[in-house]
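> Here's my sequence, what's the structure:
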Amino acid sequence: PESTQHCGAAGQDWKCGREASAALGNWLGDRPLTCNPKGRDRYGRSLARWFVGSEDVQAWLVLNGWALAYRQYSTDYVAAEEVAQARKAGLWRSEFIAPWNWRGDSREP
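Presented below is the predicted three-dimensional model:
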């Protein structure tokens, strides 16, 4: 989710963007990251895979429910997303708007 994004229903919302960021920071600690660029999106931004040692950072995020599989560019993380959804991990414990939809219509003022 986006850093300022909230999830959940009215009256029971939570700062899912901040919680996702904190979860990632706690998991990473001070371990070094490596980046493997894979191409560019339609806006010219780099598409890449990030690793801590041999661990795929994106896979960890999706498996723990802190990110969604963005099928527009890859289906690599769909199985991890299905596991997170079944476990009600991270975002899946409540209602949420997919970050790419939230960016377009639901941004907080």
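> From here on, just use CA atoms for contacts and neighbour counts.
Noted.
> ok, longest helix in this protein?
Secondary structure assigned by DSSP state H gives helix 16-28 as the longest helix of the chain.
> So which residues make contact with the helix or strand following it?
Beyond helix 16-28 on the C-terminal side, the first helix or strand identified by DSSP states H and E is strand 34-40. Around strand 34-40, the neighbours that count as contacts under Cα atoms under 8 Å, 6 or more residues apart in numbering are Ser46, Leu47, Ala48, Arg49, Trp50, Phe51, Val52, Gly53.
> The fifth one and Asp56 touch, don't they?
Which is Trp50. Yes. Using Cα atoms under 8 Å as the test, Trp50 is close enough to Asp56 to be in contact (6.0 Å).
> tell me, what residue is most central in this protein?
Centre of the chain computed as the mean C-alpha position; nearest residue by Cα atoms, centre = their mean is Ala67, 2.0 Å away.
> Verify the stated contact: that residue with Pro1.
Yes. Checked against Cα under 8 Å, the pair Ala67 and Pro1 is within contact range at 6.4 Å.
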